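Novice: Give me a 3D structure for the following:
(one chain, ligands or ions: 1)
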Amino acid sequence: MHEPSISHLATEDPQIAGLIEAEAKRQFEKIRMIASENYVSTAVLEATGTVLTNKYSEGYAGKRYYEGQQFIDQIETIAIERAKSLFGVDHANVQTYSGSPANLAVYLAFLNPGDTVLGMGLPAGGHLTHGWPVSATGKWFNAVHYGVEKETGLVDLNKVRELALEHRPKLIICGGTAIPRTIDFPAYAAIAKEVGAVLLADIAHIAGLIAGGAHPSPVGYADVISTTTHKTLRGPRGAMLMCNAEHAKAIDKAVFPGLQGGPHNHTTAGIAVALREAATPEFKVYAHQVVANAQALAAALVERGFDLVSGGTDNHLILADLTPKGIAGKPAAQALDAAGIELNYNTVPFDPRKPFDPSGIRLGTAGLTTRGLTPEQMPQVAAWMDEAIGAALKEDTAELDRIAGEVSDLLKAYPMPGYASE
Ligand SMILES: *Cc1c(COP(=O)(O)O)cnc(C)c1O
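Specialist: Model prediction:
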């Protein structure tokens with residue numbers, strides 16, 4: 001059963017309530033390894049499901065456009081103070097609706113349409129909002145992209161520097177959605193400084209690792225930091241922008257009134273709660289355990305003949321090229337889902353296949369670590385993955401069912417926040 005209870009919803013709208021209950025059970029029974037996902041605490045769930053959703057609060061604490069902000073101002077200020085203290089920054093904006101609008105706000109703060117931006121290409125592991133052509137950021141700005149090296153799967157920072165010197169971007173973006181290795185923030189900062197660019201560190205995926213001390217921080221190197229709050233940081237769906245005092249005004253103005261209207265106050269409260277959790281010693285342990293699990297899983301996958309981009313991982317994320325397994329990413333991801341292992345198909349660097357039918361899969365350990373799984377269990381997870389892919393090649397659905405049964409049996413012993421099992 002969903003926890004907190006959704007009994008009122010079950011009475012008023014059983015159709016939606018039934019689907020929410022089914023989703024909660026699905027999340028309980030599967031090894032959820034979509035690298036951008038996690039399980040938030042029951043406290044975060046409670047905060048996001050409150051009457052705060054009723055309130056309009058355009059503006060910032062002390063300077064709002066509507067009355068009745070006595071408590072909202074306090075909640076938003078607490079969220080900001082917690083972000084500042086957790087990450088060690090001068091300024092935080094907690095109103096951005098999600099990671100994509102947060103990034104767009106940075107463009108609005110520092111660039112004019114047509115200006116040049118240098119970011120990581122989508123196929124190499126960047127994000128759409130780093131100037132990819134289908135995104136507004138690629139349509140409205142002159143985007144140039146760096147990638148990774150074919151041999152190593154790593155960024156060659158000398159090449160980033162050469163591109164920066166050639167194109168003179170106003171904005172350089174580091175970070176991405178499918179980067180299994182540590183990001184060298186000081187090196188990007190040196191390049192940005194050399195060409196007079198603003199450096200944006202997009203830490204959407206690794207914010208929780210940074211907060212927990214399991215990945216170096218961009219603070220002191222990046223001019224602006226953007227992050228989602230719902231990935232490794234384990235908060236509600238939302239985002240934050242952080243910067244030094246110098247850029248505070250520009251960032252706030254870009255978010256409101258530049259890009260958005262009223263902030264989502266229920267989300268702000270959830271962010272505040274998640275930031276408090278992320279400041280605890282338990283969260284430090286969690287962040288390190290996420291990495292330990294990813295490294296143990298990567299080692300077990302390599303042992304089973306999986307070809308991992310860059311050979312392994314430094315963080316929560318693994319990118320595997322399935323070509324040597326004789327299967328493409330999409331049918332593999334579908335078979336794994338049927339076997340109770342949820343991840344996504346993904347392009348790999350220099351992928352000869354199309355983005356909608358690529359060669360690889362991407363997976364992460366943030367969610368399974370929240371459930372309490374440990375490195376000792378990762379060889380079993382790798383074995384299930386290997387067996388499921390073997391079953392997919394033989395179209396053996398009975399084998400996929402067997403694995404799904406074993407997965408859900410294992411997970412019965414690992415509680416899920418948000419779900420009370422019978
Ligand atoms: C997830 C992600 C985003 C976008 O976040 P949304 O909340 O999905 O809009 C932006 N940048 C990076 C690097 C991400 O991983």
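
Novice: For the stretch 151-300 of the chain, which segments count as strands?
Specialist: All strands of the stretch 151-300 of the chain, identified by DSSP state E, counting those that start in this stretch, fall at 171-174, 198-202, 224-228, 239-243.

Novice: ditto for the stretch 1-150 of the chain
Specialist: Secondary structure of the stretch 1-150 of the chain, counting by DSSP E, counting those that start in this stretch: strands at 31-32, 59-60, 63-64, 91-93, 116-120, 142-146.

Novice: possible to save these as a markdown table with mean pLDDT?
Specialist: Shown next, in a markdown table, are those (pLDDT from 0 to 100):
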| stretch | mean pLDDT |
| --- | --- |
| strand 31-32 | 98 |
| strand 59-60 | 98 |
| strand 63-64 | 96 |
| strand 91-93 | 98 |
| strand 116-120 | 98 |
| strand 142-146 | 98 |
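
Novice: how about those, which one is nearest the ligand?
Specialist: The ligand lies closest to strand 116-120 among these, at 8.9 Å (C-beta to the nearest ligand atom). (Glycine included, C-beta is placed from N, CA and C.)

Novice: report the angle between the axes of the closest one and strand 142-146?
Specialist: Here strand 116-120 runs at an angle of 30 degrees relative to strand 142-146 (axes from the mean of the first three to the mean of the last three C-alpha atoms, to 10 degrees).

Novice: Could you list every helix and strand that strand 116-120 packs against?
Specialist: Packing partners of strand 116-120 (3 or more C-beta pairs under 8 Å, 6 or more residues apart in numbering; DSSP states H and E): strand 142-146, helix 157-167, strand 171-174.

Novice: Kindly reformat the ones you listed as JSON lines containing mean neighbour count.
Specialist: What follows is the helices and strands packed on strand 116-120, written out as JSON lines (neighbours: other C-beta atoms under 10 Å):
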{"stretch": "strand 142-146", "mean neighbour count": "20"}
{"stretch": "helix 157-167", "mean neighbour count": "15"}
{"stretch": "strand 171-174", "mean neighbour count": "29"}
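
Novice: Compare those and report which one is nearest to Thr280.
Specialist: Closest of the helices and strands packed on strand 116-120 to Thr280 is strand 171-174, at 28.2 Å (criterion: C-beta to C-beta).

Novice: what's in contact with that closest one?
Specialist: 103, 106-107, 110-111, 115-120, 126, 130-131, 160, 164, 183, 185, 188, 191-192, 195, 197-202, 218, 222 (C-beta atoms under 8 Å, 6 or more residues apart in numbering).

Novice: do stretch 407-414 as well
Specialist: Residues outside stretch 407-414 that contact it (C-beta under 8 Å, 6+ apart): 28-31, 339-341, 371-373, 377, 380, 384, 421.

Novice: In helices, which of these appear?
Specialist: Within the contacts of stretch 407-414, residues falling in helices by DSSP state H are Phe28, Glu29, Arg371, Gln380, Trp384.

Novice: Now the buried members of the residues you listed.
Specialist: Among the ones in helices among the contacts of stretch 407-414, those classed as buried by 16 or more other C-beta atoms under 10 Å are Phe28, Glu29, Arg371, Trp384.

Novice: Return the residues in contact with Gly312.
Specialist: With C-beta under 8 Å, 6+ apart, Gly312 has these contacts: Pro180, Gln295, Ala298, Ala299, Val302, Ile318.

Novice: For these, pick the one with the most neighbours.
Specialist: Per-residue neighbour counts (other C-beta atoms under 10 Å) across these peak at Ile318, which has 28 neighbours.

Novice: The ligand versus Tyr345, what's the distance?
Specialist: 16 Å (C-beta to the nearest ligand atom, to the nearest Å).

Novice: Leaving out the residues flanking it, which one is nearest to Ala391?
Specialist: Nearest residue to Ala391 in three dimensions, chain neighbours excluded: Glu399, at 3.7 Å (C-beta to C-beta, 6 or more residues apart in numbering).

Novice: thinking again about what came up before, next, format the buried ones among the ones in helices among the contacts of stretch 407-414 as a markdown table and append distance to Tyr66.
Specialist: Converted to a markdown table, those look like this (distance: C-beta to C-beta, whole Å):
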| residue | distance to Tyr66 |
| --- | --- |
| Phe28 | 40 |
| Glu29 | 44 |
| Arg371 | 41 |
| Trp384 | 52 |
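
Novice: Near the ligand, which residues of the stretch 51-200 of the chain are found?
Specialist: For the stretch 51-200 of the chain, the contact set with the ligand under C-beta under 6 Å from any ligand atom comprises Ser98, Gly99, Ser100, Asn103, His127, Thr129, Gly175, Gly176, Thr177.

Novice: again, only this time at 5 Å
Specialist: Neighbours of the ligand within the stretch 51-200 of the chain, by C-beta under 5 Å from any ligand atom: Ser98, Gly99, Ser100, His127, Thr177.

Novice: Save the residues you listed as a markdown table, and put in distance to Ala404, pLDDT and neighbour count too.
Specialist: Shown next, in a markdown table, are those (distance: C-beta to C-beta, whole Å; pLDDT from 0 to 100; neighbours: other C-beta atoms under 10 Å):
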| residue | distance to Ala404 | pLDDT | neighbour count |
| --- | --- | --- | --- |
| Ser98 | 31 | 98 | 16 |
| Gly99 | 31 | 98 | 27 |
| Ser100 | 33 | 98 | 19 |
| His127 | 32 | 97 | 24 |
| Thr177 | 27 | 97 | 22 |
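
Novice: Thought Ala201 was touching Phe185, still the case?
Specialist: Yes - if you go by C-beta atoms under 8 Å, Phe185 and Ala201 touch, sitting 6.0 Å apart.
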